[in-house]
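>>> the following block contains a protein sequence and its predicted model.
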Amino acid sequence: MPQKITKHIKDMVAEANAEVTTITAAEAIALQGREDVVFVDLRDPREVMREGKVPGAFSCPRGMLEFWIDPESPYAKPVFQEDKTFVFYCASGWRSALATKAAQEMGLAPVVHIRTGFGGWKEAGGNVETVAPKA
């Protein structure tokens, strides 16, 4: 018997976007380079190497986010303990919507996400940093 999925990803993303702060790519570009802002790239490392990233962005694969945010986790990353604004992004804004909701529920604040993701960033003329494969 096939699975009966009762909640679809588009619904989950829409719910997350209703609960979190989203920004446009143009608004995100205006934040680039500020000392009080950390861009967090939630894409898979292969995506980052293939497409590049927002210059200076911290790479955090989506599957590790909650573990890296929680200061009590053995995987905690100091960047998430800083008193800064976090700008999350993924490829198109779906993963970042869900991630922003999860981070917000954990108490990370302020945290926002780029509604159109890295694709929107590039389309809006945002700078892109090339990422070389690790040796």
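Arrived safely, thanks for sending.

>>> any idea of the mean pLDDT in the longest helix seen in the chain?
Looking across the chain with DSSP state H, the single longest helix is helix 94-106. On average, the pLDDT along helix 94-106 is 98.

>>> do the same with stretch 18-27
Mean predicted confidence for stretch 18-27 is 98.

>>> list the buried ones in it?
20, 22-23, 25 (16 or more other C-beta atoms under 10 Å). Where you see a C-beta, it was placed from the backbone N, CA and C, and this is true even at glycine.

>>> then stretch 2-14?
Buried residues in stretch 2-14 (16+ other C-beta under 10 Å): V13.

>>> the chain should start at 423 in everything you say after this.
Shifting the count to begin at 423 puts that one at stretch 424-436.

>>> other residues contacting that stretch?
By C-beta atoms under 8 Å, 6 or more residues apart in numbering, the list of residues contacting stretch 424-436 from outside reads 515-516, 519-520.

>>> show me what whichever helix or strand A452 is part of is packed against.
Element membership for A452, per DSSP states H and E: helix 447-453. In terms of contacts (3 or more C-beta pairs under 8 Å, 6 or more residues apart in numbering; DSSP states H and E), helix 447-453 is packed against strand 459-463, strand 507-511, helix 539-545.

>>> deepest-packed of those, please.
Of the helices and strands packed on helix 447-453, the one with the most neighbours on average (mean count of other C-beta atoms under 10 Å) is strand 507-511, at a mean of 25.

>>> wait, what's in contact with the most centrally placed residue in the chain?
Closest residue to the average C-alpha location of the chain: F510 at 2.6 Å, with C-alpha atoms, centre = their mean. The contact partners of F510, taken as C-beta under 8 Å, 6+ apart, are 462, 464, 518, 521-522, 525, 533-536.
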